[in-house]
Every structure is written in C-alpha cells, then in structure tokens.
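1. Return a 3D structure for these sequence lines:
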Amino acid sequence: MTATTIRTGPLLLAGREDELRSELHGVRRPQLRRLLEECERLRGEVLPLEPPNASVTYFGSASANLALAYRITGQEHYLTELRRYLASPVSFPHWGKAHMPDHDLDAAWLLHGLGLAYSWAGHALPEEERTALRDKLILQGSRMYEFALETEGGWWSSSYWQNHNWICYAGLATAGYVLRAEHPEAEAWTERAKQNFDTVLSMLNDDGSNNEGVVYWRYGVPWIVSYLDVLKAAEGIDWFPRSSYLRETFWYRLHQAAPDLERIVDHGDCHDRRSGHCVALYYKLAAEYRIPQAQWLGEKVAREFFWREAYESGVRPGVRPEAYQELLWFDPSAPSADLTGVPTSAFFPDLGLLVGRTSWEPDATLVSFKSAPGGGHKAWDTGHRIQDEKGWTTLNAGHHHPDSGTFVLLGKGAYLAIDEGYSSRKRTEHHNAVLVDGQGFDNENRYHIFEGLGVERTAEMLTTTLAEGWLHGVSECSRMYAPALGIERVRRHLVMSPAGHLVIVDDLAAATPRRWTWLLQTDNPAQPGGDGRWTAPAGPGVLHVRALAPTATATATDDRVVRTGVQANPTASTPGLEMESVQYTLQRETQATTTARFVTVLVPAGWDDHDEPTATATCDGDEVLVTIESAGRHEVVAIHLQAGVTSLDRADVKRAGFAARTDLTE
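-> Below you'll find the model as predicted:
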C-alpha cells in the first residue's frame, strides 16, 4: 500500500482550531463544559509513582483531555496538570504490568492519548520533558510494532473482529503519525495499521452487529472510528463511506437498548447492565452517516443518563475520559430526531439476532433472541478460511457466549429472563437454554468455547417474521453439542405477541434416549404455583411462567429451582480479581427419550398486578396451538414444527409454519 503525504499541524486539529474556538461559547458550549469538568476531576486524582498492577489506560485519556483543554483555552494550569499526568507513564519502564506489558491495551491507550498530547501541547513542555515524552513514545511504539510483526497470525495482531486489534493498531497509528517527522521509522507503524484496518473494514459484517456484546461494542468500536478519524486527518483518506458496518452499527446498539434506553440487553461478556453508552461515538456516527436518531440519543444520554453510568459502570476507564472526543466529534450541523417512526423490531442476520419490543416506551416488553456460530456467520466462515489457507488464528471470540437459541426478556422496567453477563468460564447452563444429559455446548467451561471447533459446528436462525406487532423466529443449534450425543434437532420456535407475551416451543430429538433439561434464568427464585405455574419476582415486574408441555400424560418432568453462581474476572490487568454473581435457574427435565417437546408461555406483569394469566396448549402431530388469556386479551398462536401450513384460518399474521391472532375480550 502506497503511503500518502502526511499533513502537517496538530493531529485532528489542523485547519479547524479557529472554528472550534469560535463555537465554544455557542453550539459546543456543553462539550466544552464536559471537557473542563473532566480536567477538574483529574486534578483530584492521586497518581502512582511506581507502576501499578491495575490498568493504566486512564493516563492516556487524561493526557489527551488536559492537552486539548490547554490547546483551546491557553490556560497554563491545564499544562501544569498535563505535566503531572505525563511524568508517571514516561517514567514507567513498561506500560502495563500484570498482563502483556508494552504489548496490549495499556500500551495502546497510552500511545494514543500521549501521542495526541505530544501533538497538541508538546511545543509548550520544557525541552527536557518534551524530549523524554518523544523518546518514550518511540520506545513504546517500537515495542508494540515489533510485537505485532512477531505475532502475526496469532492474538490481536490478526484478530480482525476483536477490540484488542482495533485498540492496539489505533494507538500505534496515532503515535506513528505524530512522530513521523522526527522518527521516520514510525511510517512503518502507520502503514502497518493502515493495512490492518483495510482488512478489518472488509472483514466486518454488513449489519453492524457485534458478537462481543454491547459493553465491548462501546469499548471497542470507538477505536475503529478513532483510527479512521486519525487517518482522514493525517493523510486525507476518508474510509468512513466504505464501511457498511459503521453505517449500520448504531441500529444494532439501539435495538440492544433496554426499554428505558438507559440499560442494555446483555448478551455476551457484559460487566453490568449500565455500561453501554458512548456519547462521542453517537455524535460521530451521526456526523458521518447523518443518522438523526444517533445525534438525538447522544444528546439524551449526555443530558439524562451520563452520570449514573459514569458512577456505576464496571468498565474502566469508563465514559468520563471521553470528553475530548465528545468535543471533537460533535457536529452541530448533524440532524437530530427522536425514535418516532423507528421500527420496534429488527433482525441482524450475521449474528442471528432477532429483537423486538412492544413500543419505544420505558415500560415496554423487549425480547432479544439469537442464534449464530461463534463470532457471527461472516467471522466464523472467514476465520476458518484463513486458518485453512495460512494457518492463522484470526477469530478470537472469547467474549461470545454459548447462547445460540437463547433469549433475554425485559418488561415492566425489569429484567425478567436474564443473561449472566460476564463469565470467565462460559457455560450453556448459565443461559435460557436446553441441556442434553446435563451437558451444554461442546467445548464449554472455558473462556473461548469456539476455539478449535470445525467450521461445520454452527447454529443459525432458520426463519424470522416481523409483522403487525408479532415477532417469530426459529433457531437451530443441534450442531453446537458434542457429536457423541447423537443430537438430531434442538429447534426453538419463539413468538412475541403485540402485548409482549412469549410463546416458546422447543422441538428436540436425538438418535438415542436422552434427558432434556429446559432452563430459565431469573434474578430471583421463581415460586411454584402448582400445575406447571411459576412466578418469578423482579422488582417492578414479575414473570408468570406457564409450563404447558411436557405433561404427566406425556413425558414426565422433574421441576426445580437451583442457585447458579457465575464467576468472572472482567479485567486481565488485575489477575487476582474474582467476582461471583448469582442467578436462579428454573429447571424442567424429562426422562430419557429420543424426542421431547417443551411448550412454555411467559407473561410479563407489574409487581402489583394480581390478574393471573391462563394458557393452554394442544399438540396435533407437528402443529402446536397455544391460547393465552391475559388482561382482556385472547391470543392464539399456531406453530407448525416443519414449517407447514397451520390450521389457524383467521389470523392477524400468517406465514409458513406460523400464524397468530389477537381478540380483545373486554
């Protein structure tokens, strides 16, 4: 790839400083206030004089914030504070201590942030400090670059779908562009990063979904944007238009927002339920792709949700240090519009993610149902192709859980059927899944469960329907279990009605008799009510569970609720950190049988709603007919397990294998 002439001037600021300053007391006033408040917070931080075991990423963003504040206001005290924040990392012999020092996230964050600080304020530093900073950036950039070369085909150097790749190469590129005039060897860094991101943009899926989940979306995707922003500023090369992934990824994030828009749907490794917003990224996506809802959501988060996430988020360094990006990425000319008219359901085919909600109101019911191979279809297929051709390991989907065929249900302001969040050892039994002879997906009980599995070991969403307020999806994940189990079918049919009621039919088959265990995860223990009825309290909400099949006349079940502990260490920079979260699992288990069919209805309700929903099911060959009576609504759902024609004649929606209608009874 031919190098392009590098533009001169402060990186990201050249040619726009006067315009920025002219807007600081007008359209950028809120962003200026955020920046200066962040710098004020930094004054109160006690900095380590010796390299700590914990992450030091915050030095990078702190330096960028202080340098920008000094650059645009000229106030000397910001330079004084910047010098304090530069002194420690410049003196540390290595960037990062407990995990991959010099070669991973700590070093990347510092290369980016200290590189910007050198570009924006290096001229104002005492000569000795400026030289020390430059030399340290050269040393650390050289270490990072050499590691990338040495490990090509392994770890982040070629992990095109992973946040470590994006962060490390973005940091390396930022430092490289800043240093190229004084250190010509840094051109190799920027060219290496350019080659990497050229590949990354071609490898990312087109629908904007992220196999690592919302938390790592907000942690990793901003670094793709950071790189493209730096590339555009330094070389005049604009790669934003070529990225279908970035053009669509806001919609993935929006549909993975909880009904209150503040919390998240937590598929994948998620530190908590509140870490998911990135105001700066919303602004940038709005600016580049003219997405009015992205601008609106960025403004709403900044105004209403920001500080709660800042204080409660388990992700470090968190949202507060992104102030410099918020100021630079905000485009006052970008259109802004709320969610009026935005569809309430969507399907993201690469991740096999089907999601829908009853409305955009905070008390709406939301279901998120997914089924795909590790990393999503494109990454899975492409990663195996590269493995065959080059022997490289490029797909590191350690944050992707064994959750194909599973779902998360939120409603009435509560998490009703949950995902476990972050886990160090991924297990199917942590999800709303099905076990076979007590076993989950093959290769589980480790961090990266998809590593080493053949390309044929996939799951998929066979069909989807989104019409007239109804949502219907059919997943198939039998190939995710150990071949020795002889499983022929693990097929889940999931329906959400316009009222937010779920019908779930699990159609299961194996070559030899197996015990089938149906799992439902809740925050609090479900209470039995007899005759297959359970009630799971969830703060402002409650989930009514109606187990309609198997029945005593078919294959008997053994039902129970157990305490499930999930262990996690969400940061490799602190090896001794171990946390346990607790959830409760409703288990319904059959006797050994070659085929089984679970039919379940889930009805969300408010905690003080004492109306008991009723549900019945009849099975006639491959057709299952479910009726629900709740809150003055009579709903009928017909599912044909082989995608044939259902017997339900009058229907609001009718598709192959699915039909449904609602009758108001009041």
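
2. helices or strands up against the helix or strand where Tyr324 lies?
-> For Tyr324, the element it lies in under DSSP states H and E is helix 323-329. For helix 323-329, the elements it packs on are helix 29-43, helix 58-73, helix 214-235, helix 279-289, judged by 3 or more C-beta pairs under 8 Å, 6 or more residues apart in numbering; DSSP states H and E. C-beta here means a position set from N, CA and C on the backbone, and glycine is covered the same way.

3. Verify the stated contact: Leu35 with Tyr324.
-> Yes: between Leu35 and Tyr324 there is a contact under C-beta atoms under 8 Å: 6.3 Å.

4. State the next helix or strand along the chain beyond the helix holding Tyr324.
-> With elements assigned by DSSP H and E, the helix or strand that comes after helix 323-329 is strand 345-348.

5. could I get the helix or strand following that next one in CSV with only the CA atoms?
-> Downstream of strand 345-348, the next assigned helix or strand under DSSP H and E is strand 353-357. C-alpha atoms of strand 353-357 as CSV (Å, rounded to 0.1, in the frame of the first residue of the first chain):
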residue,chain,number,x,y,z
LEU,A,353,-30.1,-11.7,16.3
LEU,A,354,-33.9,-11.1,16.3
VAL,A,355,-35.1,-8.4,18.6
GLY,A,356,-38.4,-6.7,19.2
ARG,A,357,-40.3,-4.5,21.7
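
6. rewinding a little: redo the helices and strands packed on helix 323-329 as CSV? Include mean neighbour count, distance to Asp611 and mean pLDDT.
-> Converted to CSV, the helices and strands packed on helix 323-329 look like this (neighbours: other C-beta atoms under 10 Å; distance: least, C-beta to C-beta, whole Å; pLDDT from 0 to 100):
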stretch, mean neighbour count, distance to Asp611, mean pLDDT
helix 29-43, 18, 45, 98
helix 58-73, 26, 51, 98
helix 214-235, 23, 33, 98
helix 279-289, 25, 40, 98
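
7. okay if I get the ones you listed as CSV plus distance to Gly341?
-> Shown next, in CSV, are the helices and strands packed on helix 323-329 (distance: least, C-beta to C-beta, whole Å):
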stretch, distance to Gly341
helix 29-43, 27
helix 58-73, 37
helix 214-235, 24
helix 279-289, 17
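
8. mind checking which of these is nearest Val436?
-> Minimum separation from Val436 across those (C-beta to C-beta) falls at helix 214-235, 29.5 Å.

9. tell me the angle that closest one makes with helix 279-289.
-> 50 degrees (axes from the mean of the first three to the mean of the last three C-alpha atoms, to 10 degrees).

10. Who are the packing partners of helix 214-235?
-> helix 163-179, helix 187-203, helix 244-255, helix 279-289, helix 323-329.

11. how big is the angle separating that helix from helix 244-255?
-> Using the same axes, to 10 degrees: helix 214-235 against helix 244-255 is 150 degrees.

12. could you check the angle helix 163-179 makes with helix 214-235?
-> Using the same axes, to 10 degrees: helix 214-235 against helix 163-179 is 20 degrees.

13. from here on, count from 18
-> Renumbered: residue one is now 18, and that last one reads helix 231-252.

14. Report the distance from helix 231-252 to the chain centre.
-> Here helix 231-252 is found 15 Å from its chain centre; the criterion is C-alpha atoms, centre = their mean, to the nearest Å.

15. so Trp178 touches Gly392, yeah?
-> Yes: here Trp178 reaches Gly392: they are 5.6 Å apart, a contact under C-beta under 8 Å.

16. Now list whatever residues contact both of these two.
-> Here Trp178 and Gly392 share the contacting residues 228, 400, 412, 414, scored by C-beta atoms under 8 Å, 6 or more residues apart in numbering.

17. between the residues you listed, which is nearest Tyr300?
-> Of the shared contacts of Trp178 and Gly392, the one sitting nearest to Tyr300 (C-beta to C-beta) turns out to be Asn228, at 24.8 Å.

18. Show the contacting residues for the closest one.
-> Contacts of Asn228 by C-beta under 8 Å, 6+ apart are 178, 285, 368, 389, 391-393, 396, 414, 416-417.

19. now those as a markdown table including pLDDT, neighbour count and distance to Ser243?
-> Output for the contacts of Asn228, formatted as a markdown table (pLDDT from 0 to 100; neighbours: other C-beta atoms under 10 Å; distance: C-beta to C-beta, whole Å):
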| residue | pLDDT | neighbour count | distance to Ser243 |
| --- | --- | --- | --- |
| Trp178 | 97 | 26 | 17 |
| Gly285 | 95 | 25 | 22 |
| Leu368 | 98 | 27 | 24 |
| Ala389 | 98 | 27 | 27 |
| Gly391 | 97 | 27 | 26 |
| Gly392 | 97 | 27 | 22 |
| Gly393 | 98 | 27 | 23 |
| Ala396 | 98 | 28 | 21 |
| Ala414 | 94 | 23 | 23 |
| His416 | 95 | 24 | 20 |
| His417 | 95 | 30 | 23 |
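
20. Would you format those as JSON lines with secondary structure included?
-> Output for those, formatted as JSON lines (DSSP: H, G, I helix; E, B strand; the rest coil):
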{"residue": "Trp178", "secondary structure": "coil"}
{"residue": "Gly285", "secondary structure": "coil"}
{"residue": "Leu368", "secondary structure": "coil"}
{"residue": "Ala389", "secondary structure": "coil"}
{"residue": "Gly391", "secondary structure": "coil"}
{"residue": "Gly392", "secondary structure": "coil"}
{"residue": "Gly393", "secondary structure": "coil"}
{"residue": "Ala396", "secondary structure": "helix"}
{"residue": "Ala414", "secondary structure": "coil"}
{"residue": "His416", "secondary structure": "coil"}
{"residue": "His417", "secondary structure": "coil"}
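
21. Take the residues you listed and write them to a markdown table, including distance to Glu93.
-> As requested, those are arranged in a markdown table below (distance: C-beta to C-beta, whole Å):
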| residue | distance to Glu93 |
| --- | --- |
| Trp178 | 45 |
| Gly285 | 45 |
| Leu368 | 50 |
| Ala389 | 54 |
| Gly391 | 52 |
| Gly392 | 49 |
| Gly393 | 50 |
| Ala396 | 49 |
| Ala414 | 48 |
| His416 | 43 |
| His417 | 49 |
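
22. Nearest to Ala660 among the residues you listed?
-> Nearest member of the contacts of Asn228 to Ala660, counting by C-beta to C-beta, is Ala389, at 19.9 Å.

23. Neighbours of the closest residue to that closest one other than its chain neighbours, how many?
-> Nearest non-adjacent residue to Ala389, counting by C-beta to C-beta, 6 or more residues apart in numbering: Gly369, 3.5 Å away. A count of neighbours around Gly369, defined by other C-beta atoms under 10 Å, yields 27.

24. doesn't Thr480 make contact with Gly369?
-> No: Gly369 is beyond contact range of Thr480, at 11.2 Å (criterion: C-beta under 8 Å).

25. in the stretch 468-617 of the chain, which ranges drop under the pLDDT threshold?
-> For the stretch 468-617 of the chain, the stretches with pLDDT under 70 are 568-574, 589-590, 592-593.

26. average model confidence for the helix or strand hosting Pro106?
-> Using DSSP H and E, Pro106 sits in helix 93-108. The average pLDDT for helix 93-108 rounds to 98.

27. for the stretch 418-567 of the chain, what spans make up the strands?
-> Secondary structure of the stretch 418-567 of the chain by DSSP state E, counting those that start in this stretch: the strands cover 423-428, 431-434, 451-453, 477-484, 487-493, 504-513, 519-531, 533-539, 544-547, 550-555, 558-566.

28. Kindly spell out which helices and strands sit in contact with the third one.
-> Looking back up the chat, that one is strand 451-453. strand 504-513, strand 519-531, strand 533-539.

29. Residues in contact with it: which ones?
-> Taking C-beta under 8 Å, 6+ apart as the rule, strand 451-453 contacts 422, 445-446, 498, 502, 504, 507, 509, 523, 525, 527, 531-536, 615.

30. Need the distance between the two termini of stretch 223-236.
-> Taking C-alpha to C-alpha, to the nearest Å, stretch 223-236 runs 20 Å from one end to the other.
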